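# Quick one: sequence plus predicted model below, questions after.
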Amino acid sequence: MTGVETRSGDAKRALRSELIAVRARLSQEERSEKSHAIAERVDRIAAVRDARTVALYAPLGTEVDSTELARRIGARGGRVVYPRSVVGERRLVFCRCDPAELVRGPLGAREPPAGAPEVALAEVDCVVMPGVAFSLDGLRLGRGGGYYDATLWAMPGSARVGVAFDVQVVPSLPREPHDAPLDALVTESRALTFARGAR
Ligand SMILES: Nc1nc2c(c(=O)[nH]1)N(C=O)[C@@H](CNc1ccc(C(=O)N[C@@H](CCC(=O)O)C(=O)O)cc1)CN2
Ligand SMILES: Nc1ncnc2c1ncn2[C@@H]1O[C@H](COP(=O)(O)OP(=O)(O)OP(=O)(O)O)[C@@H](O)[C@H]1O
């Protein structure tokens, strides 16, 4: 690892604990209300509305609640898949699963159980991701495993949409070469889209 990458790694760690604390200050009621507004807004983004298969996530801790978005996508006939962490390989696979069947995975997030049908990465039209922080230029800071980044690089045709509360958005984030930039970022107050060429 180069010195530059080490410094941005340190900066990411500091930002991670700061932004997790900021998000935790929202009340349960605020998070629920804002998550509903985010679901409405995400569902108006063309990349999501036109997607046949959308990768969502099972909310963990104080992340944006994806339940309403799952309901909306299902209601219009879309297919929702959830990530399973392949520990040791730093990657995700996506499986079909009823939300009620999700089980606690090795990293603490709820995931599809072993045996849930896996969907090829190329079939996933859009990936909707939670994060700890997002920047106005479309970078995402996750929990630090690098799972989404590694997987997204193997999905060049999938739209990448980050979802967050306004308090998680910062002007800029330290960028490392493996970071996979977003196509869109949606909060309770706005939707930002980023040009592919610009990233
Ligand atoms: N909801 C959700 N699902 C996700 C992710 C995520 O960030 N959020 N991931 C993004 O890559 C992948 C799983 N990676 C994870 C990486 C770290 C931790 C984590 O920090 N776990 C806590 C314990 C959480 C708990 O038990 O409440 C910990 O180890 O301290 C969780 C999941 C795929 N699924
Ligand atoms: N594709 C990759 N190849 C090599 N190392 C990687 C790759 N992706 C991430 N890493 C390493 O993994 C660690 C975590 O990366 P990073 O901080 O970008 O994760 P994150 O986006 O916050 O996590 P996640 O996507 O799991 O929520 C870093 O040490 C980084 O150098």
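Perfect, thanks for sending it. Ligands and ions are numbered 1, 2, ... in the order given.
# Can you classify the residue in the chain that ligand 1 sits nearest to by secondary structure?
Closest residue of the chain to ligand 1, CB to the nearest ligand atom: G108 (2.9 Å). Placement of C-beta: from N, CA and C, glycine included. Taken by DSSP: H, G, I helix; E, B strand; the rest coil, the conformation at G108 corresponds to coil.
# quick one: contacts for the nearest residue to it once chain neighbours are set aside?
Sequence neighbours aside, L60 is the residue nearest to G108 in space, at 6.6 Å (criterion: CB to CB, 6 or more residues apart in numbering). L60 is in contact with 108-110, 130, counting by CB atoms under 8 Å, 6 or more residues apart in numbering.
# so which of those comes closest to ligand 2?
Nearest member of the contacts of L60 to ligand 2, counting by CB to the nearest ligand atom, is P130, at 8.3 Å.
# Run a quick neighbour tally on that closest one.
For P130, the tally of surrounding residues (other CB atoms under 10 Å) stands at 25.
# likewise L192?
Residues near L192, counting by other CB under 10 Å: 16.
# Next up, the contacts around it.
Here L192 is in contact with 136, 138, 184-186 (CB under 8 Å, 6+ apart).
# Skip the chain neighbours and tell me the closest residue to V103.
P113 (4.9 Å).
# wait, isn't that neighbour in contact with R104?
No: P113 is beyond contact range of R104, at 10.1 Å (criterion: CB atoms under 8 Å).
# before we move on, back to that, what about the residue nearest to G108, is that helix, strand or coil?
Per three-state DSSP, L60 ends up coil.
# Got a PyMOL select line for the buried ones in the contacts of L60?
In PyMOL syntax, the buried subset of the contacts of L60 is picked out as below (16 or more other CB atoms under 10 Å):
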select buried, resi 109+110+130
